[in-house]
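Q: Need a 3D model of the sequence below.
(2 chains)
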There are 2 protein chains.
Amino acid sequence: MTKKKKTIAIDMDGVLADVETQFELWYERDYGLKIERSARLGVPESEGFPDKGAVRKFVYTPGFFRTIPLMPGAVEAVQQLMEHYEVYVVSAAMEFPQCLSEKREWLDEYFPFIDWRNIIFCGDKSVIDTDYMIDDHCKNLDFCKGKAIMFDAPHNSEKTHHVRVKSWAEVLMLMGRENLIEA
Amino acid sequence: MTKKKKTIAIDMDGVLADVETQFELWYERDYGLKIERSARLGVPESEGFPDKGAVRKFVYTPGFFRTIPLMPGAVEAVQQLMEHYEVYVVSAAMEFPQCLSEKREWLDEYFPFIDWRNIIFCGDKSVIDTDYMIDDHCKNLDFCKGKAIMFDAPHNSEKTHHVRVKSWAEVLMLMGRENLIEA
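A: Model (predicted):
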């Protein structure tokens, strides 16, 4: 009998999709200012730029979510994780309805190997039950039913109550260890 | 201290949205044949009509999901349930990507009082963890983590291993009783 794979919920923005870089690119394009990441440490996402309304304006702009750059190493890491875990993409997508189709198209472009059965677009994530959750927001990790893994982002730099990973390479190291322990 | 409300996952097609009536209406419109519901008892959804490809063609047609009639009594029942339960709409929407925005617009039209935080569009429902799940498909109910409640539909008429409700009025009676027991 094949042992049932453990499940991982993986967030999109800030985890698979490099939304911080997208914010910086769009801010520089629209305001002519390059805002360093180091200046946004510990600052909520929506307040990290001089024009405090910019982030909100961006996320409501058609095309924003469709064109977010891929997080470095994410594709290869997810492929690797799928060999040992049942991987679900779990993305908060309901607040901005126009992003539903954009996020789905983005996944089809970069992660065509993820089955539609394993994609979840939700509001809050409180009813998601997986063995692991990789996310950049405490609002999702604090109440998750499995092990929480915080993906490093400027806005979460001061949160210390979850295991932190700084890159997809670190995720692989951590999950390889977990897989060994669970085996 | 306020007691935390129990959670209910409620399906869309066949539960909030009267997809069987929509199939019948579209079939009659396109093929000139009225197919009685009694002729489809125990028959899988995709095989209930003389042209076996019709259902599949319909669900891929833009506008199909946007125009499904409301299930009788659903709005009032959900409003009532929300007074006692935390209600989540959990709909399988990933197989047909064009339906994402249509389903969201449909909910905004008929259930504008449901918060975006409580809407989940997914593939399979195996990682959804709620205290109750109201659905018309065994593929969702058989593995649900909470109490399964089967909403009556022609295609599920021969399944007898879940509690069956035939209408939203029956849901209210059942959940009222549950709420009393849990109180």
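Q: rest of the way, CA atoms for contacts and neighbours
A: Will do.
Q: I'd like the mean pLDDT over the top helix by length along chain A, please.
A: Ranked by residue count, the top helix of chain A under DSSP state H comes out as helix A:168-182. Confidence for helix A:168-182, expressed as mean pLDDT, is 88.
Q: For that helix, give me every contacting residue.
A: Contacts to helix A:168-182, defined as Cα atoms under 8 Å, 6 or more residues apart in numbering or on different chains, come from residues A:Pro72, A:Gly73, A:Ala74, A:Ala77, A:Leu81, A:His84, A:Val165.
Q: In CSV, could you pull the C-alpha coordinates for it?
A: Output of helix A:168-182 as CSV, limited to C-alpha atoms (Å, rounded to 0.1, in the frame of the first residue of the first chain):
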residue,chain,number,x,y,z
TRP,A,168,12.9,28.3,-2.0
ALA,A,169,16.3,26.7,-1.4
GLU,A,170,15.7,26.9,2.4
VAL,A,171,12.2,25.5,1.9
LEU,A,172,13.7,22.4,0.2
MET,A,173,16.2,21.9,3.0
LEU,A,174,13.5,22.2,5.6
MET,A,175,11.0,20.0,3.9
GLY,A,176,13.6,17.4,3.1
ARG,A,177,14.4,17.1,6.8
GLU,A,178,10.6,16.9,7.6
ASN,A,179,10.2,14.2,5.1
LEU,A,180,13.0,12.2,6.6
ILE,A,181,11.5,12.6,10.1
GLU,A,182,8.1,11.5,8.9
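Q: Kindly write the PyMOL command that selects the buried subset of the contacts of helix A:168-182.
A: In PyMOL, a selection of the buried entries from the contacts of helix A:168-182 looks like this (16 or more other Cα atoms under 10 Å in any protein chain shown):
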select buried, chain A and resi 74+77+81+165
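Q: From the contacts of helix A:168-182, pick out the ones that also neighbour chain B.
A: The subset of the contacts of helix A:168-182 within reach of chain B, by Cα under 8 Å from any Cα of the partner chain, is empty.
Q: got the contacts of helix A:168-182 as TSV, with secondary structure, distance to B:Ser38 and pLDDT columns?
A: What follows is the contacts of helix A:168-182, written out as TSV (DSSP: H, G, I helix; E, B strand; the rest coil; distance: Cα to Cα, whole Å; pLDDT from 0 to 100):
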residue	secondary structure	distance to B:Ser38	pLDDT
A:Pro72	coil	55	96
A:Gly73	coil	54	95
A:Ala74	helix	51	97
A:Ala77	helix	51	96
A:Leu81	helix	47	96
A:His84	coil	46	94
A:Val165	strand	57	97
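Q: Now the two most distant members of the contacts of helix A:168-182.
A: Farthest pair in the contacts of helix A:168-182 (Cα to Cα) is A:Pro72 and A:His84. Separation: 20.9 Å.
Q: Let's test this: mean pLDDT of the helix or strand where A:Val89 lies, rounded?
A: Element membership of A:Val89, judged by DSSP states H and E, is strand A:85-92. Throughout strand A:85-92, pLDDT has a mean value of 97.
Q: Please parse chain A into its domains.
A: A:6-18+A:69-182, A:20-65 (automatic domain parsing).
Q: gap between the two ends of the shortest one?
A: One end of domain A:20-65 to the other measures 12 Å (Cα to Cα, to the nearest Å).
Q: the helices in chain A, which residues?
A: Using DSSP H, the helices found in chain A span residues A:19-31, A:54-59, A:74-82, A:99-110, A:138-141, A:168-182.
Q: Residues touching the shortest one, excluding its own?
A: I take that to be helix A:138-141. Applying Cα under 8 Å, 6+ apart, the contact partners of helix A:138-141 are A:Asp124, A:Lys125, A:Ser126, A:Met133, A:Ile134, A:Asp135, A:Ala148, A:Ile149, A:Met150, A:Asn156.
Q: returning to what we had before: ok, which of the helices of chain A comes nearest B:Val19?
A: From the helices of chain A, taking Cα to Cα, the stretch that ends up closest is helix A:99-110, at 22.1 Å.
Q: returning to that earlier point: and which of the contacts of helix A:138-141 is nearest to chain B?
A: Sorting these by distance to chain B puts A:Asp124 at the head of the list, at 4.8 Å, by Cα to the nearest Cα.
Q: my guess is the closest one meets B:Phe121, correct?
A: No: here A:Asp124 does not reach B:Phe121: they are 11.8 Å apart, not a contact under Cα atoms under 8 Å.
Q: neighbour count winner among the two?
A: Neighbours per residue (other Cα atoms under 10 Å in any protein chain shown) separate A:Asp124 from B:Phe121, with B:Phe121 holding more: 27 against 19.
Q: Now do the contacts for the more buried one.
A: Neighbour list for B:Phe121: A:Ile120, A:Phe121, A:Cys122, B:Val90, B:Ser91, B:Ala92, B:Ala93, B:Met94, B:Leu100 [criterion: Cα under 8 Å, 6+ apart].
Q: what do you get for A:Tyr110?
A: A:Leu70, A:Val75.
Q: In terms of pLDDT, where does it sit?
A: 98.
Q: what does A:Pro154 give?
A: pLDDT at A:Pro154 comes out at 96.
Q: Check the burial of it by counting its neighbours.
A: 19.
Q: Over to A:Arg37?
A: When counting by other Cα under 10 Å, one arrives at 14 neighbours for A:Arg37.
Q: Give the residue spans of chain A that score low on pLDDT.
A: Scanning chain A for pLDDT under 70 picks out A:1-2, A:182-183.
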